[in-house]
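Visitor: I would like to see how this sequence folds:
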Amino acid sequence: MRIIDIASLLLVGLASLVEAQRLPRRSCGAPDKSPDELSQAEDNFRQNAPIGAAFGDSAPGILTEYTPQVIDVHWHVIRAGEKEDEGNIPDSQLDSQLDVLNKAYAPAALSFRLANVTRTTNADWFRGAGPNNIQQADMKAALGVRRPDALNVYSVATTGLLGYATFPGDYERKPEDDGIVILYSSVPGGVFAPFNLGHTATHEIGHWVGLYHTFQGGCPPPGDYVDDTPPESSPTYGCPASRDSCVDSEGVDSIHNYMNYADDVCMNNFTQGQIDRLRAQIATYRGIPL
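Guide: Okay, here's the model as predicted:
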């Protein structure tokens, strides 16, 4: 009897493990920069930032609050056909996505306005566009709005990624690539649970305004160059009650931060250091004043 009970428990445990492995995990294709590239980018940022800017570290800026700014969003709906499961996101879901973004970025005094929506039927772009490939290059060349302060959002099937984005400091070198690309079914009301509450866009826009992942570089400094996001050895997945992956460093992992990899329901904040950094980044590279 005991042997049977043990065998049953093992089978249940194995089934749970298999099910956990089947659950989707957040995957972001934002460009990886080498340590030298990160250091050079940081030096350039600090040398060119406007007077009054804070950088997200222990050096305070002059400003204590920021002027509200509105960012125009140019949404490019790429679809394989007219159906919703072919990428044809309804206007109601686009409006819901903007509501999510405006709530998430309100502490940074940023809001987002849907300037225009394009709908393009191109199955090759929809299913094939990915980082640095020809489908993406053609799509962005045809549709992108070339302004550093304009946010291009492309919704596609994303070839296995939830999304990816460009950084502000890369705009001058490659303006045609600027913007974010997200999985069409990650918007509020989409079908890709647990990533269908709209925070894929929140996360990718975080890169577009100059933030790195909270687990950037692992435990050693400088990490994400923000002092009030404790270092993390690796991404957080799911929605754990707590986690401390760098036990020799102060603070526990920022499992609820928008720049981590947790499920959408688990994400709910940017830190003040991140807010300072992103406002300085977009003032420096996107011409959006402090």
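
Visitor: Report the buried residues of stretch 218-229.
Guide: By 16 or more other Cβ atoms under 10 Å, the buried positions in stretch 218-229 come out as 219, 222, 223, 224, 225, 226, 227, 229. Backbone N, C-alpha and C define where each C-beta goes, glycine included.

Visitor: what's the answer for stretch 161-177, then?
Guide: Here stretch 161-177 shows 161, 162, 163, 164, 165, 166, 167, 168, 169, 171, 177 as buried, counting by 16+ other Cβ under 10 Å.

Visitor: Filter those down to just the ones in strands.
Guide: 163, 164, 165 (DSSP state E).

Visitor: Reformat those residues as a markdown table; add distance to residue 32 and pLDDT.
Guide: As requested, those are exported to a markdown table (distance: Cβ to Cβ, whole Å; pLDDT from 0 to 100):
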| residue | distance to residue 32 | pLDDT |
| --- | --- | --- |
| 163 | 15 | 97 |
| 164 | 11 | 97 |
| 165 | 13 | 98 |
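
Visitor: now, among those, which is nearest to residue 124?
Guide: The shortest approach to residue 124 among these belongs to residue 164, at 18.4 Å (Cβ to Cβ).

Visitor: Around the closest residue to the closest one other than its chain neighbours, how many other residues sit close by?
Guide: If you skip the residues right next to it in sequence, residue 164 has residue 29 as its closest partner in space, 3.3 Å away by Cβ to Cβ, 6 or more residues apart in numbering. As a burial measure, residue 29 scores 18 neighbours (other Cβ atoms under 10 Å).

Visitor: Isn't residue 29 up against residue 166?
Guide: No - counting by Cβ atoms under 8 Å, residue 29 sits too far from residue 166 to count as a contact (10.9 Å).

Visitor: quick one: low-confidence ranges for the stretch 1-150 of the chain?
Guide: By pLDDT under 70, the low-scoring segments of the stretch 1-150 of the chain are 1-23, 58-64.

Visitor: Look at residue 238 and give its secondary structure.
Guide: Taken by DSSP: H, G, I helix; E, B strand; the rest coil, the conformation at residue 238 corresponds to coil.

Visitor: ok, it - how many residues close by?
Guide: Neighbour number of residue 238 under other Cβ under 10 Å is 16.

Visitor: ditto for residue 160
Guide: When neighbours are defined as other Cβ under 10 Å, residue 160 has 9 of them.

Visitor: and residue 113, backbone torsions?
Guide: Phi and psi for residue 113, reported as degrees, to the nearest 10, are phi -120, psi 130.

Visitor: er, residue 152 I mean
Guide: The phi and psi values for residue 152, taken as degrees, to the nearest 10, are phi -90, psi 120.

Visitor: any idea how far it is from residue 142?
Guide: Between residue 152 and residue 142 the computed distance is 12 Å (Cβ to Cβ, to the nearest Å).

Visitor: Quick one: the helices in the protein, in order.
Guide: Remark: helices assigned in the chain by DSSP state H are 2-22, 35-48, 91-105, 123-128, 134-143, 199-208, 272-285.

Visitor: And the third one, what's buried?
Guide: Within helix 91-105, the residues that qualify as buried by neighbour count (16+ other Cβ under 10 Å) are 93, 94, 96, 97, 98, 100, 101, 104, 105.
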